[in-house]
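**Student:** got a sequence here, can you build the structure:
(one chain, ligands or ions: 1)
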Amino acid sequence: MKKNETICVLGLGYIGLPTACFLASSGYQVIGVDKKMEKVKLLKKSRLPFSEPGLNKLFKKARKNLEFSLKPKPADVFLICVPTPLTKNKKVDLKYVIQAAKDISKVIRDENLVIIESTVPPGTGEKIVLPLLKGKKYFDVYLSHAPERAIPGKTLLEMVNNNRIIGGIDEHSVFLTKEIYSSFVKGKFYLTDINTAEFVKIIENSSRDLNIAFANELAKLCDGLKINVWEARKLANFHPRVNILSPGAGVGGHCLSVDPWFLVRGGIAGTKMIKTSRLINDSMPYYVIESVSKLLKGIKNPKITILGVAYKANVDDWRETPALKVIEIMKKNKWQFQIHDPYVKDFSYEIERNFQKAVKSSDCLLLLTDHNFYKQLKPEKLKGMRHKIIFDSRNAIDKEKWQKSGFKVKILGDGY
Ligand code: SAJ
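**Tutor:** Numbering: from 1, shown residues only. The predicted model follows:
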């Protein structure tokens, strides 16, 4: 594939847009496609729809080889980076992938390459996407899956340095795909068939979800045993073959809380362990609220200040954030609440940016996301709270320091 050839990237989200930028800055002509008119308008004006470290600079470098459109145009390569959400019944909803394949089929030509980056259940490429691309036409289509492993907050760095799996419907599909990613990826490439690549992506995320579920189970266990899970975990992790992850208010983001479900009803055996892990992680908002209730005993019409609604530290992404479940339960309990987050924009609820205003007349701070901003708080400087109580679901604060400032402090899993 020569660098002056054209690549059409469908879906300009957290993965699609940086990938389009990397390809354009490596010399490919890139057409970025998104169904959202607002996003396309913004990008045409050279403005970014979300923030990610380094993206501004990369976008500027890539801009001369980048154009934006609402529909795919004829190209040499098509990259599908659209979301794969869950239905209400926790089944994969492939409507965006299917629509992308249909849109591509209108402009595809003989010997074009289609790469699926979206996370999809095994078999999707071969059984669903390929027939849609070919339709009734008899020509050659190359098709592969090249799952992305970059982590939000470090997307650009990891897109370049992570090792990559590429699986294709045939060897030539794999060969062409590797050539394209080689233009900016410094990590190693591991090559396989398309079904295996689809499966590998999902088991990576399921494995992390499973390990977080274990940590969450330990946190719940420790609360009855007067053992601090954070200390216990630290000590256990000194073992050379143990790596226990961190408990928290739940697992958010568009990957870990979604992808494992793609496997739950799969195969002959089904997957009890993966499903149980999902249920444990989804139970954490309830557990957090139960613990906060104990702290609020005797306080009528409590007012809570939520600290952090991003799905994880130091990002503005709130997709599938467990904070939404926490808020839903608080509303059922008829608790009043205010929300503070230094990063998140356009949330489902109002966010108070001014920290002092957000804590004013509050009875309890509920730390859900361990943004650095909260780690650096000085408890002695907090003014105007009605009761000085804090629940920290991420072990972000120094318990002793806050206690010295008169706070009643509970850290998730601290044994009490
Ligand atoms: N979390 C914990 N405890 C931990 C680690 C994470 O509760 O010890 C929570 C976070 O707070 C967050 C959620 O899990 O709510 C997910 O965060 P994350 O940082 O573990 O992962 P993501 O969703 O940002 O990115 C994952 C990554 N997958 C793996 O590490 C196996 C990333 O490499 C993938 O590219 C990404 O999913 C994706 O797009 O699939």
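
**Student:** and stretch 297-309, C-alpha only, in CSV?
**Tutor:** The C-alpha trace of stretch 297-309 is given here as CSV (Å, rounded to 0.1, in the frame of the first residue of the first chain):
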residue,chain,number,x,y,z
LYS,A,297,-26.9,7.9,60.3
GLY,A,298,-29.0,10.5,62.1
ILE,A,299,-28.6,13.2,59.4
LYS,A,300,-32.0,14.2,58.0
ASN,A,301,-32.3,15.1,54.3
PRO,A,302,-28.6,14.6,53.7
LYS,A,303,-26.8,16.5,50.9
ILE,A,304,-23.9,14.7,49.2
THR,A,305,-21.2,16.2,47.1
ILE,A,306,-20.0,13.7,44.5
LEU,A,307,-16.3,14.2,43.7
GLY,A,308,-15.6,12.9,40.2
VAL,A,309,-18.0,11.4,37.6
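
**Student:** residue ranges with poor pLDDT in this protein?
**Tutor:** By pLDDT under 70, the low-scoring segments of the chain are 1-3.

**Student:** spell out which residues of it are next to the ligand.
**Tutor:** When proximity is defined as Cβ under 6 Å from any ligand atom, the chain approaches the ligand at 119, 148-152, 204-205, 208, 212, 245-246, 248, 251-253, 255-256, 311-312. Using the backbone N, CA and C atoms, a C-beta is placed for each residue, glycine as well.

**Student:** could you measure from Tyr190 over to Leu263?
**Tutor:** To Leu263, Tyr190 is 21 Å away according to Cβ to Cβ, to the nearest Å.

**Student:** the two: who's more crowded?
**Tutor:** Using other Cβ atoms under 10 Å as the criterion, Tyr190 and Leu263 rank with Leu263 on top: 20 against 12.

**Student:** can you map out the helices along the stretch 1-150 of the chain?
**Tutor:** With DSSP state H, counting those that start in this stretch, the ranges of helices along the stretch 1-150 of the chain come out as 16-25, 37-44, 55-62, 95-105, 130-134.

**Student:** ok so, going back, among the residues of the chain next to the ligand, name the buried ones.
**Tutor:** Of the members of the residues of the chain next to the ligand, the ones counted as buried by neighbours, 16 or more other Cβ atoms under 10 Å, are 119, 148-150, 152, 204-205, 208, 212, 245-246, 248, 251-253, 255-256, 311-312.

**Student:** among those, name the ones in strands.
**Tutor:** The members of those all map outside strands under DSSP state E.

**Student:** tell me the centre residue of this structure?
**Tutor:** Centroid-nearest residue in the chain: Gly253, 3.2 Å away (criterion: Cα atoms, centre = their mean).

**Student:** now the element after the lengthiest helix in the chain, going C-ward?
**Tutor:** Taking DSSP state H as the criterion, the chain has its longest helix at helix 194-223. Moving toward the C-terminus from helix 194-223, the next helix or strand (DSSP states H and E) is helix 229-236.

**Student:** how about residues contacting that following helix?
**Tutor:** 215, 218-219, 221-222, 242, 244, 246-247, 395, 411-415 (Cβ atoms under 8 Å, 6 or more residues apart in numbering).

**Student:** identify the farthest-apart pair in those.
**Tutor:** Val242 and Ile411 (21.6 Å; Cβ to Cβ).

**Student:** quick one: which of the two has more around it?
**Tutor:** Between Val242 and Ile411, counted using other Cβ under 10 Å, the more crowded position is Ile411 (24 against 10).

**Student:** circling back to that earlier point, ok, the contacts of helix 229-236 vs Pro285, which is closest?
**Tutor:** Among those, and counting by Cβ to Cβ, the member closest to Pro285 is Leu412, at 11.5 Å.

**Student:** what ranges do the strands span in the stretch 301-416 of the chain?
**Tutor:** 303-307, 336-340, 364-367, 389-392, 408-411 (DSSP state E, counting those that start in this stretch).

**Student:** run the angle between the first one and strand 336-340 for me.
**Tutor:** Which is strand 303-307. 20 degrees (axes from the mean of the first three to the mean of the last three Cα atoms, to 10 degrees).

**Student:** grab the nearest non-local neighbour of whichever residue of the stretch 1-150 of the chain sits closest to the ligand.
**Tutor:** Nearest to the ligand in the stretch 1-150 of the chain, going by Cβ to the nearest ligand atom, is Arg149, at a distance of 4.4 Å. The shortest distance from Arg149 to any non-neighbouring residue, by Cβ to Cβ, 6 or more residues apart in numbering, is to Asn162 (4.8 Å).

**Student:** residues contacting the one you found?
**Tutor:** If you count contacts by Cβ under 8 Å, 6+ apart, Asn162 has them with Arg149, Ala150, Val185, Gly187.

**Student:** now do Val344
**Tutor:** Going by Cβ under 8 Å, 6+ apart, Val344 touches Val309, Ala310, Asp316, Trp318, Ile351.

**Student:** which one of those is nearest the ligand?
**Tutor:** The closest of those, once distances to the ligand are taken by Cβ to the nearest ligand atom, is Ala310, at 8.8 Å.

**Student:** my read: that closest one touches Asp316, true?
**Tutor:** Yes - counting by Cβ atoms under 8 Å, Ala310 touches Asp316, with 6.2 Å between them.

**Student:** neighbour count for these two, which is higher?
**Tutor:** Higher neighbour count among Ala310 and Asp316: Ala310, with 26 against 18, using other Cβ under 10 Å.

**Student:** quick revisit: next one: the residue nearest to the centre of the chain from Lys90, what distance?
**Tutor:** Separation of Gly253 from Lys90 (Cβ to Cβ): 16 Å.
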